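Asker: Make a model of this:
(one chain, ligands or ions: 4)
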Amino acid sequence: MNATSAYEKELGSALKAVRLASKLCQRVQLQLKDGERTDKADDSPVTIADYGAQVLVAWSLQRSLPNKPFSMVAEEDSADLRLPEGAPMAKRITAMVNEVLAEEEPGNKALTEDDVLALIDTGGSEGGPQGQHWVLDPIDGTRGFVGMRQYAVCLGLLDGGQVVVGVLGCPNLPTAQLRDEDGTGNSAEKAGSDGIGVIFAAQKGCGAFAGPLAGDVPPEQCLQLADTQDFSQIRFMESYESRHSDFDFTAKLATKLGVTRPPLRIDSQAKYGVLARADAAINMRFPKPGYREKIWDHAAGALIVQEAGAVISDASGAPLDFGRGRWLDLDRGIVTSTPAVHAALLQAIRDVS
Ligand SMILES: Nc1ncnc2c1ncn2[C@@H]1O[C@H](COP(=O)(O)O)[C@@H](OP(=O)(O)O)[C@H]1O
Ligand SMILES: [Mg+2]
Ligand SMILES: [Mg+2]
Ligand SMILES: [Mg+2]
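Answerer: Ligands and ions are numbered 1, 2, ... in the order given. A predicted model of the protein is given here:
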């Protein structure tokens, strides 16, 4: 094995796990009923698909890498499902997971509810700067998922505090470039049809790739950034959700830079994939002061954009450190762009602040 393919096996396992979990998400999104989502203590939504996807990723990774110690930093835990009022949801998750496994992985024993809860809780690792840890956001953009917009199944691998593998499954993302008028990327009802559903992947030092989410072919389209430095042509991205980022501030930055095209607002780390394939050149995120970013919201996407050649940093220009545990400690926000415009972006932040 040479240095450039050091994580080949892990990448293959991650692709398989993300594809399996994406199947469950697609199925649930088209039939989401009341009672299949709930609000967590921080007021954010979680659905049976968030939990189900976490179960399937943990199950799949453990099965394909049986001889490796398994550590995973993941968003969800089973605490609410173990409460009496969580029982119906736990039952639905178990049924849904088994339905997908029976179809996609026939010949395996059905999982019990205890198996399912235990698999969810394999995501409780603290991560950190030593050793290998998977980093999972089973559904990033749950609000987009519930709203029939974009979402992504996001899986990264940390080794020694660095992201070395990143995979994003984007079931609702068109394979063709997004146009200005595709702001919401609203194609949930077309998921799985021709031209909808993208998987992005990167291995540190080996470039970034994209391909169809359906099937099992490794993504082969090598990604390259938009190469324009002309701000009148450049498009920037931000969250679909104004509660997740300060749109007034990003509008001021855009004006300062001379960006005139409307922002592309889409949910989830699909934004990183879209930047890596040159649909847009800038991604900006400025949460409310006091909000702490989590590593699973950025790890996989950060590697994919960087392997495509982009620069990602906090608002002061410092790189993101994924080896500090479950959270990222950073200055104000996260800005990602082509190298040519990153310095101008940081200058604009200083000027407008
Ligand atoms: N007040 C807030 N400010 C910034 N980010 C927030 C937030 N509340 C939730 N988020 C994060 O924003 C993520 C979605 O990103 P985006 O805005 O790009 O779609 C959520 O991921 P989940 O959907 O996995 O919970 C959540 O972690
Ligand atoms: Mg969430
Ligand atoms: Mg998330
Ligand atoms: Mg999530």
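Asker: okay, how far is it across stretch 327-341, tip to tip?
Answerer: By Cα to Cα, to the nearest Å, the extent of stretch 327-341 from end to end equals 27 Å.
Asker: Now do the buried residues in that stretch.
Answerer: 328, 330, 332-338, 341 (16 or more other Cβ atoms under 10 Å). Yep, even glycine has a C-beta here, placed from its N, CA and C like the rest.
Asker: Strands along the stretch 51-200 of the chain, start to end?
Answerer: Assigned by DSSP state E, counting those that start in this stretch, the strands in the stretch 51-200 of the chain fall at 72-74, 132-140, 152-159, 162-174, 196-203.
Asker: With the stretch 251-353 of the chain instead?
Answerer: 264-265, 282-285, 311-314, 334-337.
Asker: Report the strands that pair with the shortest one, each with its relative direction.
Answerer: To tie it back to what came earlier, the one meant is strand 264-265. According to DSSP bridges, strand 264-265 forms sheet pairs with strand 236-238 (parallel).
Asker: Just the residues contacting the strand it pairs with, thanks.
Answerer: Applying Cβ atoms under 8 Å, 6 or more residues apart in numbering, the contact partners of strand 236-238 are 245, 247, 250, 254, 259, 261, 263-266, 271, 274-275, 280-285.
Asker: Tell me the pLDDT of the residue in the stretch 251-353 of the chain that ligand 3 sits nearest to.
Answerer: Using Cβ to the ion, the single residue of the stretch 251-353 of the chain nearest to ligand 3 is Asp297, 4.2 Å away. Per-residue pLDDT puts Asp297 at 98.
Asker: same question, the one 4 residues further on
Answerer: The predicted local distance difference test score for Gly301 is 99.
Asker: cool, the one 4 residues further on as well?
Answerer: Val305 is assigned 98 on the pLDDT scale.
Asker: Now do the contacts for it.
Answerer: 208, 272, 275-276, 283, 312, 336.
Asker: quick one: which of these is most hemmed in?
Answerer: Tyr272 (31 neighbours; other Cβ atoms under 10 Å).
Asker: Grab the nearest non-local neighbour of it.
Answerer: Computed as Cβ to Cβ, 6 or more residues apart in numbering, the closest residue to Tyr272 that is not its neighbour in sequence is Gly301, at 2.9 Å.
Asker: Okay, the one you found and Asp43: tell me how far apart.
Answerer: According to Cβ to Cβ, to the nearest Å, Gly301 stands 24 Å off from Asp43.
Asker: So which bits of the stretch 1-150 of the chain are right by ligand 4?
Answerer: 75, 137, 139-140 (Cβ under 5 Å from the ion).
Asker: one more time with 6 Å
Answerer: With Cβ under 6 Å from the ion as the criterion, the stretch 1-150 of the chain meets ligand 4 at residues 50, 75, 137, 139-140, 142.
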